Structure formats: C-alpha cells, structure tokens
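S.K.: Let me see the structure of the following:
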Amino acid sequence: MTAAAGFSKTKSSPWEEAIFCINDANVPWNSPGIGLRRGQSNKLTVQAPWLNGTQINLGLVSDEGLVIRASPEFGEWVPENGDKAEWELTPDNVSGRVRLVFFSRKFEQIHEFPCWVLSSNLSDEGYATLGSTVTPIPADAKKFWPATGRTLNFRAKPGSPIAGFPLMLKVQAKQPGADPVTSRPLVMTPTTDQEWSLTAVAEAREVAFDLIISGQGMTPLTVSDCVRFSSNLLDYATIKLNGVEVPADGARFKGDTPGTLSVAAKPGGPSLDSLYLYWEKGGGQLNGNDFKSDPGFTFPNDSMTWAITCPARTSGEFALRIRKVFGATQTSFRCLLVP
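M.R.: Numbers count the residues shown, from 1 in each chain. You can find the predicted model right below:
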C-alpha cells in the first residue's frame, strides 16, 4: 500500500493518545516534523493503548523520489499483540523531504508527519550568520554590547532541504550566572523560522559564551567564543581630566577655566567607537545650561575628548556621565566645581 498525497491530521483524533519516538527521542503528536538520519538506520516507534489486538500500517509519500527502506515494509499491515509498534527506516545517503503516514484498522483517521531526511551533523546542512549578512560569521564579529540586539540565523546550504525543520538555540555561558543574552523565541524552544533575536543583558561584567543550534538527532552547530561586554565603561577605559586619571573622590574643575576631559581605551580592550557625554545635576544648585562642552553634550564624539568650560565665580557639585553610542556601557562620576 502506498500513501497518497494530500493526507492531513484530523482534530480530536485517537492518534493524539499515541506516543511517537524516533531513535528513542519523543516526538509530540502535533510536531511540525521529524528528522531521519540519512544513510543510517532509524528506529521509529508508536505506542498507544488501543494498538493491542489491531493492525497498523506505515505509509510513505515521497514526492521527490527519495528512497527509504523500511522493516516492516511500507504499506504492510502489521498485527500487534501489545500496545507498541516499531519500524526500522533506512534512507539513502541523500537529504530530502518525505511524509510518513500512519493508518489503523481500528478507525478511519490517519496521522501524518512531515519528515526531513538529513545529515546527522547539522553543519552539513547549513551555517550560522549574525545580522543581515548571508556569509558565515567571522571570528571577530561575535561581540555583543549590553542592551544591543543582533539576529542569529541558521541558513541552509545550497541543495539542503532543512528550511522549516525545527531547530533550538541554547546559550552556554562559560562563567556562572544568568545567560548573557536573551532570545526571542526563547532558548530551548523549537522554531521552524530558524531565526533568533538576541539582546545582550546589561550587566557590569564580561561573559564569554557559546551559541549552540541543535536539531532532533543531529550533532549541534556551535557558534563559539562569543563575548558579551561589560556595562561598566571603566572595565575598558580610563577617564582623565587634563591628562590625569580622575580619582575615586571625583574630578575637580575650576570656574571659567577650560578643562580637557578624555577617555583613554585600555590596552587589549574592545574599540569604543563613539561616545556621548551627559551633564547631570549633583548635590548642589548648579545649572547645566551654564556649562559648555566642545563637542557638545549629548552629541556623538569619535575623538573621545571634550573641552569643558564651567561657570565662573561659583562652586558646587555635579556629575558627568559617559556612555557608548551603541549599547548601555557607561560610567558616571562625581565632579566638583571650585572658584
């Protein structure tokens, strides 16, 4: 017996009571599909209380002509004396798409699974990209700044039928603590879109991690050596006033005397690209409108140096905040204005 095209799952079907497994891994009855390892033997089982004493049949729909050997054979009615039926399926060593269709003598409803015949190694079928590019991820591109988002995609290699196959993402941090990035869809949740929107968590520490993409019964693909940078700018830079590092108790400015504020990147740290400078009210009655900066406050600055002029004949306390243009990496520090 050969299954015909066009079969569909039936709502409220007795098949919903069945437990399906492929190579001993459970497959939900409403799964968007199952995977068979090409060129290898695959064990398919179905278990249900109503199987005892009836006959069951497994059909194959192979629109692409993909060859799969089955034992018992496709279309053979198999008498069952228990509540479990089992087949051994061995596809040729070629990737492709088929459908597996279950029949029972006990009722008219059938149950169908879309089925991908794939390599046992996910990297044989595709590769990962970050952002809109379609090229594999370069080694230096796996960097995430806090509060910034990036899109991780799994892209099929030419000729691979893996598009639409459910894949999951796992974030594996190399230090204790919470995951360094969040994901939509959630990690360890199968998605047929094969795309994840990642957002780096803002946290004052640097974390190394791997992104692991997996599919049912396949060796995962690992995007290794990713880094989520710290949200503390002082982990990567030194703040200086007039060439001297700002001390822990704050920077001291003189009224009506220009001061040069600069950010010096620490050796071996990441590129900071461009920074914002913000004036923030401190504990006194100073007015931010009386302070001048060149380049101006809140303007992106690639030079990471500002000439700051404070109002004359007054004193008080204020704060300055420096933040990376892209992301949440920043630092605030106390400032004192003396006459």
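
S.K.: looking at this structure, which residue lies furthest from center?
M.R.: Using CA atoms, centre = their mean, the residue of the chain lying farthest from its centre is Arg313. It sits 55.1 Å away.

S.K.: per-residue pLDDT, it?
M.R.: In the predicted model, Arg313 carries a pLDDT score of 84.

S.K.: same check, this time on Val46
M.R.: 94.

S.K.: where's Trp196 relative to Val171, distance?
M.R.: As judged by CB to CB, to the nearest Å, Trp196 and Val171 stand 10 Å apart. Every residue, glycine included, has its C-beta placed from N, CA and C.

S.K.: burial measure for the nearest residue in space to Thr331 that is not next to it in sequence, as a count.
M.R.: Of all residues beyond its chain neighbours, the one nearest Thr331 is Leu233 (4.1 Å), with distances taken as CB to CB, 6 or more residues apart in numbering. Other residues within reach of Leu233 by the criterion other CB atoms under 10 Å amount to 23.

S.K.: ok, now which ones touch Leu233?
M.R.: Residues counted as contacts of Leu233 (CB atoms under 8 Å, 6 or more residues apart in numbering) are 263, 272, 322-324, 329-331.

S.K.: Ok, Ile68 next?
M.R.: Residues in contact with Ile68, defined by CB under 8 Å, 6+ apart, are 36, 60, 62, 74, 89-92, 98, 117.

S.K.: give me that answer again for 6 Å
M.R.: Going by CB atoms under 6 Å, 6 or more residues apart in numbering, Ile68 touches 89, 91.

S.K.: Write down the beta-bridge partners of it, one by one.
M.R.: Residues in a beta bridge with Ile68, per DSSP bridges, are Pro91.

S.K.: do you know how far it is from Arg97?
M.R.: Distance check for Ile68 against Arg97: by CB to CB, it reads 12 Å.

S.K.: next one: Arg321
M.R.: Here the distance between Arg321 and Arg97 works out to 55 Å (CB to CB).

S.K.: In terms of neighbours, single out the busier of those two.
M.R.: Set side by side, Arg321 and Arg97 give different neighbour counts by other CB under 10 Å, the larger being at Arg97 (20 against 15).

S.K.: what bridges to the more buried one?
M.R.: Beta-bridge partners recorded for Arg97 (DSSP bridges): Trp116.

S.K.: Need the per-residue pLDDT for it.
M.R.: At Arg97 the predicted local distance difference test score is 95.

S.K.: same question, Gly65
M.R.: Predicted confidence (pLDDT) for Gly65: 88.

S.K.: Please tell me how far it sits from Phe102.
M.R.: Look at Gly65 and Phe102: by CB to CB, they are 22 Å apart.

S.K.: okay, these two: which has more neighbours?
M.R.: Remark: of Gly65 and Phe102, Phe102 carries more neighbours, 22 against 8, as counted by other CB under 10 Å.

S.K.: can I assume Ala147 is in contact with Thr329?
M.R.: No: under the contact definition of CB atoms under 6 Å, Ala147 does not touch Thr329, with a separation of 8.5 Å.

S.K.: Mind checking which of these two has more residues around it?
M.R.: Summary of the neighbour comparison: Ala147 and Thr329, criterion other CB under 10 Å, with Thr329 having more neighbours (28 against 15).

S.K.: ok, now which ones touch the more buried one?
M.R.: If you count contacts by CB under 6 Å, 6+ apart, Thr329 has them with 146, 231, 233.

S.K.: Arg252 should be in a strand, yeah?
M.R.: Yes: in this structure, Arg252 lies within a strand as judged by DSSP: H, G, I helix; E, B strand; the rest coil.

S.K.: Report how many residues lie close to the residue nearest to it when sequence neighbours are not counted.
M.R.: Closest residue to Arg252 in three dimensions, ignoring its sequence neighbours and counting by CB to CB, 6+ apart: Leu336, at 5.0 Å. Neighbour count of Leu336, defined by other CB under 10 Å: 16.

S.K.: measure the nearest residue to Lys292 once chain neighbours are set aside to Ser332 for me?
M.R.: Nearest in space to Lys292, with sequence neighbours left out and distances taken as CB to CB, 6+ apart, is Thr309 at 4.4 Å. Thr309 sits at a distance of 20 Å from Ser332 (criterion: CB to CB).

S.K.: Look at the two and report which has more neighbours.
M.R.: A side-by-side neighbour count of Thr309 and Ser332, using other CB under 10 Å, places Thr309 first with 16 against 13.

S.K.: right, and the secondary structure at the more buried one would be what?
M.R.: Note that with three-state DSSP, the state of Thr309 is strand.

S.K.: Tell me if I'm right that it and Phe291 touch.
M.R.: No: counting by CB under 6 Å, Thr309 does not reach Phe291; the two are 7.2 Å apart.

S.K.: ok so, going back, please produce CSV containing the contacts of Thr329, extended by distance to Pro220, pLDDT and secondary structure.
M.R.: Output for the contacts of Thr329, formatted as CSV (distance: CB to CB, whole Å; pLDDT from 0 to 100; DSSP: H, G, I helix; E, B strand; the rest coil):
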residue, distance to Pro220, pLDDT, secondary structure
Pro146, 27, 97, coil
Ser231, 30, 98, coil
Leu233, 35, 98, helix
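
S.K.: now, among these, which is nearest to Ala128?
M.R.: Closest to Ala128 out of the contacts of Thr329 is Pro146 (21.9 Å), distances taken as CB to CB.

S.K.: Okay then, goodbye and thanks.
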